[in-house]
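Q: Build the 3D model from these lines:
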Amino acid sequence: MNIPLKRYWNLLTQYLKPQWGAVLLLAVLLLGSIGLQLLNPQILRRFINAVVAGREIAALVRMALLFLGIAVAGQAVTLGVTYLSETVAWKATNTLRLDLTAHCLKLDMAFHGLIRAARIGSGH
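A: Okay, the predicted model is just below:
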(Lines give C-alpha, C1' and ligand atoms only; values in the text may rest on other atoms or scores of the structure.)
Protein backbone atom coordinates (compact mmCIF):
# COMPACT_ATOMS: atom_id res chain seq x y z
CA MET A 1 0.00 0.00 0.00
CA ASN A 2 1.35 3.37 -1.01
CA ILE A 3 -0.50 5.96 1.09
CA PRO A 4 0.43 9.63 0.64
CA LEU A 5 2.06 11.41 3.58
CA LYS A 6 -0.74 14.00 3.62
CA ARG A 7 -3.25 11.28 4.43
CA TYR A 8 -1.17 10.19 7.44
CA TRP A 9 -0.94 13.83 8.55
CA ASN A 10 -4.72 14.26 8.26
CA LEU A 11 -5.31 11.12 10.30
CA LEU A 12 -2.87 12.26 12.97
CA THR A 13 -4.43 15.70 13.26
CA GLN A 14 -7.93 14.23 13.35
CA TYR A 15 -7.14 12.22 16.48
CA LEU A 16 -4.90 14.78 18.17
CA LYS A 17 -7.09 17.84 17.55
CA PRO A 18 -9.45 17.13 20.49
CA GLN A 19 -6.37 17.17 22.73
CA TRP A 20 -4.73 20.29 21.31
CA GLY A 21 -4.18 21.80 24.76
CA ALA A 22 -2.37 18.72 26.03
CA VAL A 23 -0.32 18.49 22.82
CA LEU A 24 0.65 22.16 23.14
CA LEU A 25 1.63 21.67 26.80
CA LEU A 26 3.62 18.59 25.78
CA ALA A 27 5.54 20.63 23.20
CA VAL A 28 6.30 23.33 25.77
CA LEU A 29 7.46 20.74 28.31
CA LEU A 30 9.68 19.06 25.72
CA LEU A 31 11.32 22.37 24.85
CA GLY A 32 11.73 23.14 28.55
CA SER A 33 13.32 19.76 29.12
CA ILE A 34 15.80 20.39 26.33
CA GLY A 35 16.58 23.82 27.77
CA LEU A 36 17.23 22.40 31.23
CA GLN A 37 19.48 19.70 29.75
CA LEU A 38 21.51 22.41 28.00
CA LEU A 39 21.70 24.63 31.08
CA ASN A 40 23.25 22.20 33.56
CA PRO A 41 26.55 21.66 31.69
CA GLN A 42 26.99 25.44 31.60
CA ILE A 43 26.59 25.63 35.37
CA LEU A 44 29.05 22.76 35.75
CA ARG A 45 31.55 24.62 33.55
CA ARG A 46 31.20 27.75 35.68
CA PHE A 47 31.60 25.65 38.84
CA ILE A 48 34.84 24.08 37.59
CA ASN A 49 36.19 27.46 36.50
CA ALA A 50 35.32 28.89 39.94
CA VAL A 51 37.14 26.03 41.67
CA VAL A 52 40.23 26.56 39.50
CA ALA A 53 40.08 30.31 40.16
CA GLY A 54 39.89 29.68 43.92
CA ARG A 55 36.53 31.38 44.54
CA GLU A 56 34.98 31.29 47.99
CA ILE A 57 33.02 28.29 49.22
CA ALA A 58 29.71 30.18 49.42
CA ALA A 59 29.73 30.82 45.66
CA LEU A 60 30.58 27.17 44.98
CA VAL A 61 27.75 26.00 47.24
CA ARG A 62 25.29 28.31 45.43
CA MET A 63 26.34 26.93 42.07
CA ALA A 64 26.14 23.35 43.34
CA LEU A 65 22.64 23.95 44.72
CA LEU A 66 21.60 25.57 41.46
CA PHE A 67 22.96 22.56 39.57
CA LEU A 68 21.01 20.16 41.80
CA GLY A 69 17.86 22.27 41.57
CA ILE A 70 17.98 22.29 37.79
CA ALA A 71 18.67 18.54 37.73
CA VAL A 72 15.62 17.89 39.94
CA ALA A 73 13.48 20.27 37.86
CA GLY A 74 14.65 18.49 34.71
CA GLN A 75 13.57 15.14 36.13
CA ALA A 76 10.19 16.58 37.12
CA VAL A 77 9.68 17.97 33.61
CA THR A 78 10.72 14.62 32.12
CA LEU A 79 8.16 12.90 34.35
CA GLY A 80 5.50 15.34 33.15
CA VAL A 81 6.47 14.74 29.52
CA THR A 82 6.24 10.99 29.98
CA TYR A 83 2.86 11.15 31.70
CA LEU A 84 1.38 13.62 29.22
CA SER A 85 2.68 11.83 26.12
CA GLU A 86 1.32 8.50 27.30
CA THR A 87 -2.04 10.06 28.16
CA VAL A 88 -2.32 11.73 24.75
CA ALA A 89 -1.29 8.52 22.99
CA TRP A 90 -3.79 6.38 24.91
CA LYS A 91 -6.67 8.77 24.27
CA ALA A 92 -5.89 9.03 20.56
CA THR A 93 -5.45 5.27 20.22
CA ASN A 94 -8.66 4.52 22.07
CA THR A 95 -10.59 6.98 19.89
CA LEU A 96 -9.11 5.33 16.79
CA ARG A 97 -10.16 1.89 18.10
CA LEU A 98 -13.69 3.13 18.77
CA ASP A 99 -13.95 4.54 15.25
CA LEU A 100 -12.61 1.33 13.73
CA THR A 101 -15.03 -0.79 15.76
CA ALA A 102 -17.95 1.43 14.77
CA HIS A 103 -16.91 1.17 11.11
CA CYS A 104 -16.68 -2.63 11.28
CA LEU A 105 -20.08 -2.85 12.95
CA LYS A 106 -21.64 -0.76 10.17
CA LEU A 107 -20.37 -3.12 7.47
CA ASP A 108 -22.84 -5.50 5.89
CA MET A 109 -23.00 -8.99 7.36
CA ALA A 110 -22.20 -10.41 3.92
CA PHE A 111 -18.87 -8.60 4.05
CA HIS A 112 -17.98 -10.35 7.30
CA GLY A 113 -19.02 -13.68 5.77
CA LEU A 114 -16.79 -13.23 2.72
CA ILE A 115 -13.73 -11.56 4.25
CA ARG A 116 -11.79 -13.14 7.08
CA ALA A 117 -10.59 -10.89 9.90
CA ALA A 118 -6.94 -11.57 9.07
CA ARG A 119 -7.41 -10.24 5.54
CA ILE A 120 -9.05 -7.01 6.75
CA GLY A 121 -5.90 -5.93 8.58
CA SER A 122 -3.53 -6.96 5.81
CA GLY A 123 -5.03 -4.61 3.22
CA HIS A 124 -5.82 -7.39 0.72
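Q: the longest helix in this structure is where?
A: Looking only at the chain and at elements set by DSSP state H, the helix with the highest residue count is helix 57-106.
Q: Which strands or helices does that helix pack on?
A: Secondary structure elements in contact with helix 57-106, counted by 3 or more C-beta pairs under 8 Å, 6 or more residues apart in numbering; DSSP states H and E, are helix 5-16, helix 20-53. (Glycine included, C-beta is placed from N, CA and C.)
Q: between these, which gets nearest to residue 99?
A: With C-beta to C-beta, the closest approach to residue 99 among the helices and strands packed on helix 57-106 belongs to helix 5-16: 8.5 Å.
Q: contacts for that closest one?
A: 23, 88, 92, 95-96 (C-beta atoms under 8 Å, 6 or more residues apart in numbering).
Q: List the buried residues of it.
A: When neighbours are counted by 16 or more other C-beta atoms under 10 Å, the buried residues of helix 5-16 are found to be 15-16.
Q: can you pull the contacts of residue 49?
A: Residues in contact with residue 49, defined by C-beta under 8 Å, 6+ apart, are absent; none qualify.
Q: Distance of the residue nearest the centre of the chain relative to residue 79?
A: By C-alpha atoms, centre = their mean, the chain has its centre lying nearest to residue 85, at 3.9 Å. For residue 85, the distance to residue 79 under the criterion C-beta to C-beta, to the nearest Å works out to 11 Å.
Q: coming back round to it: please identify the most buried of the helices and strands packed on helix 57-106.
A: Burial of those is given as mean neighbour count (mean count of other C-beta atoms under 10 Å); helix 20-53 ranks first at a mean of 13.
Q: what's the angle between that helix and helix 57-106?
A: Direction vectors for helix 20-53 and helix 57-106, defined by axes from the mean of the first three to the mean of the last three C-alpha atoms, to 10 degrees, enclose an angle of 160 degrees.
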